[in-house]
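Q: need coordinates for the following:
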Amino acid sequence: MKKLVLFFSIIIFLVSACETTSVLPKIPRKELLTGIDFSKYTKNGFLITPEKYSGNYESIGLITFVFMPAAIPKTNTIENNYSWKETDNLVTSYSWDIEKVNVQDAIDAMYKRCTEMGANALVNFNASEEIAEYMFAKAPLKIKGYRITGFAIKIK
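A: Numbers count the residues shown, from 1 in each chain. Below is the predicted model of the structure:
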């Protein structure tokens, strides 16, 4: 009899834990537009394009620009109320404050470097995410940055 009561108790628990919603939730419309705005560079007479340039130009150089945010370590010490030893009442954890950057920041920095080199255009432009992983024992870290490549030229 005890086994039968235990069996039915388990069945009732399992059935009551299951979701019994018979109506599916509504999924709202989602619109997402991504892109990179080059207009501020164009206003300054600087061309950025993923295409080749077929006019007359002077070669300045191949560009590979990696833009990674800074990361500052944080140490957090909290009181451990569950310790049975007096010496273990503080617990230290480690984390990171990661600088906020976006692809526009990377392009701004790349634009500055290209103009310092004498270029007024970057052709064969490509921007992609760059991931750096640091395996510290106390606080492993993964940072997302950007890699920009292209061919810097001076249009004649």
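
Q: isn't residue 69 up against residue 100?
A: Yes: between residue 69 and residue 100 a contact is recorded at 7.1 Å, counting by Cβ atoms under 8 Å. C-beta coordinates here come from the backbone N, C-alpha and C atoms, glycine included.

Q: higher neighbour count, these two?
A: The neighbour comparison of residue 69 against residue 100 (other Cβ atoms under 10 Å) goes to residue 69, with 16 against 7.

Q: any idea how far residue 36 is from the more buried one?
A: Distance of residue 69 to residue 36, computed by Cβ to Cβ, to the nearest Å: 18 Å.

Q: next one: residue 23
A: Taking Cβ to Cβ, one finds residue 23 at 42 Å from residue 36.

Q: quick one, which of these two is more surrounded?
A: More crowded of residue 23 and residue 36, by other Cβ under 10 Å: residue 36, with 12 against 5.

Q: show the pLDDT at that one.
A: For residue 36, the model assigns a pLDDT of 89.

Q: could I get the contacting residues of it?
A: Residues near residue 36 by Cβ atoms under 8 Å, 6 or more residues apart in numbering: 103, 104, 107, 127.

Q: hmm, 7 Å instead?
A: 103, 107, 127 (Cβ atoms under 7 Å, 6 or more residues apart in numbering).

Q: and what of residue 117?
A: Each residue near residue 117 by Cβ under 7 Å, 6+ apart is listed here: 60, 61, 152.

Q: equivalent analysis for residue 115, please.
A: By Cβ under 7 Å, 6+ apart, the contact set of residue 115 is residue 46.

Q: just the one 4 residues further on next, same as before
A: With contacts taken as Cβ under 7 Å, 6+ apart, residue 119 has the following neighbours: 60, 152, 153, 154.

Q: for burial, what's the neighbour tally of the first one?
A: It refers to residue 60. If you count neighbours by other Cβ under 10 Å, residue 60 ends up with 17.

Q: list the buried ones in the helix or strand encompassing it?
A: For residue 60, the host element (DSSP states H and E) is strand 57-67. Across strand 57-67, burial judged by 16 or more other Cβ atoms under 10 Å covers 57, 60, 63, 65, 67.
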